[in-house]
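Enquirer: With the input below, show me the fold.
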Amino acid sequence: MDTDGPRAAPPVPGAALAAEDGTVDERTVDPDPVVQFARWFARAAEVVAAPEAMALATADADGRPSARMVLLKSWGPDGFVFYTNYDGRKSHDLAANPEAALLFYWEPLGRQVRIEGHVARTSPEESDAYYATRDLGSRVGAYASHQSRPVAGRGELDAAVAHWTAEFGDGEVPRPPWWGGWRLQPRAYEFWQQGQHRLHDRVRYETAGPGWTITRLQP
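Expert: Okay, the predicted model is just below:
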């Protein structure tokens with residue numbers, strides 16, 4: 001999981017559901033799921049150490065699923081972006097089957113957000129811009145690690161880091177061509193609010209022409 005970038009404030013000790021956090025109503029949610037996500041994300045940032053942490057689920061060409069935690073780095077009407085090695089398993093899955101799902105879980109609030117959609121690489125320019133914000137060690141690490149491939153031991157990885165650190169010296173560390181971003185373009189969102197007696201609130205958005213349909217689902 002890429003840990004670069006600003007971190008949210010640590011959890012508030014003893015944080016509990018506030019009254020306004022107790023329900024989600026299909027009649028009062030914002031008609032735009034991006035706006036609704038922004039509201040929930042801002043609330044989560046008040047009580048969760050890493051509100052940007054999300055599970056990414058992919059499937060390979062044979063339909064075999066895989067899931068892992070990644071960090072959301074940017075988002076907006078055009079989609080949700082994370083960065084990784086293009087030679088790793090998740091990227092191989094996405095190249096073969098460019099459909100994925102994201103899951104945010106914010107336990108102190110009893111909230112989940114599920115997002116499903118098509119995935120495509122970010123532009124080289126966008127990947128370059130984000131890569132330049134990473135700390136030096138993380139930029140060197142992108143060269144040293146061949147993600148998802150076997151390694152004889154930690155010593156081999158440390159030796160690769162030392163090699164690339166010496167190779168670049170005090171100069172620039174350009175983004176390697178095998179590293180960059182993916183953007184998930186949502187076609188469906190689900191906002192889930194924990195309820196008593198397992199009677200949870202579930203509100204689903206699905207694309208409908210230029211807008212969205214909003215439906216309450218049974219728990």
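Enquirer: contact partners of whichever strand or helix holds residue 162?
Expert: Element membership for residue 162, per DSSP states H and E: helix 154-168. If you take CB atoms under 8 Å, 6 or more residues apart in numbering as the criterion, helix 154-168 is touched by 140, 141, 143, 144, 145, 151. C-betas here are computed from N, CA, C, even on glycine.
Enquirer: now those residues as JSON lines including pLDDT, secondary structure and neighbour count?
Expert: Below are the contacts of helix 154-168 laid out as JSON lines (pLDDT from 0 to 100; DSSP: H, G, I helix; E, B strand; the rest coil; neighbours: other CB atoms under 10 Å):
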{"residue": "140", "pLDDT": "94", "secondary structure": "helix", "neighbour count": "21"}
{"residue": "141", "pLDDT": "91", "secondary structure": "helix", "neighbour count": "18"}
{"residue": "143", "pLDDT": "93", "secondary structure": "helix", "neighbour count": "20"}
{"residue": "144", "pLDDT": "92", "secondary structure": "helix", "neighbour count": "17"}
{"residue": "145", "pLDDT": "91", "secondary structure": "coil", "neighbour count": "18"}
{"residue": "151", "pLDDT": "88", "secondary structure": "coil", "neighbour count": "11"}
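Enquirer: out of those residues, who's nearest residue 37?
Expert: residue 141 (30.3 Å; CB to CB).
Enquirer: circling back: can you redo the contacts of helix 154-168 as TSV with distance to residue 157?
Expert: Listed next are those as TSV, based on distance: CB to CB, whole Å:
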residue	distance to residue 157
140	12
141	9
143	12
144	6
145	7
151	6
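Enquirer: ok, residue 91 touching residue 85?
Expert: Yes - at 6.5 Å, residue 91 counts as touching residue 85 under the criterion of CB atoms under 8 Å.
Enquirer: who's more crowded, those two?
Expert: residue 91 (21 against 18; other CB atoms under 10 Å).
Enquirer: Just the buried residues of the helix holding residue 162, please?
Expert: Within helix 154-168, the residues that qualify as buried are 160, 164, 165, counting by 16 or more other CB atoms under 10 Å.
Enquirer: Spell out which residues make up each domain of this protein.
Expert: Using automatic domain parsing, the domains assigned to the chain come out as 19-127+178-217, 133-174.
Enquirer: In terms of mean pLDDT, which of the ones you listed ranks lowest?
Expert: Within the domains of the chain, confidence is poorest for domain 133-174, with a mean of 92 (mean pLDDT).
Enquirer: now residue 66, nearest residue through space, not along the chain?
Expert: residue 58 (5.5 Å; CB to CB, 6 or more residues apart in numbering).
Enquirer: Okay, buried residues for stretch 54-70 please.
Expert: Quick answer for stretch 54-70 (16+ other CB under 10 Å): 54, 56, 57, 58, 59, 70.
Enquirer: the longest strand in this protein is where?
Expert: strand 179-193 (DSSP state E).
Enquirer: CA atoms of that strand as CSV?
Expert: What follows is strand 179-193, C-alpha atoms only, in CSV (Å, rounded to 0.1, in the frame of the first residue of the first chain):
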residue,chain,number,x,y,z
TRP,A,179,5.0,2.6,-12.6
GLY,A,180,1.9,4.8,-12.8
GLY,A,181,-1.7,5.4,-12.0
TRP,A,182,-5.1,3.7,-12.6
ARG,A,183,-8.4,5.5,-12.6
LEU,A,184,-11.7,3.8,-11.8
GLN,A,185,-14.6,5.5,-13.6
PRO,A,186,-17.7,4.7,-11.5
ARG,A,187,-20.9,3.3,-12.9
ALA,A,188,-22.3,2.4,-9.5
TYR,A,189,-21.9,3.6,-5.9
GLU,A,190,-23.4,2.1,-2.7
PHE,A,191,-23.5,4.1,0.5
TRP,A,192,-24.0,1.8,3.5
GLN,A,193,-24.8,2.9,7.0
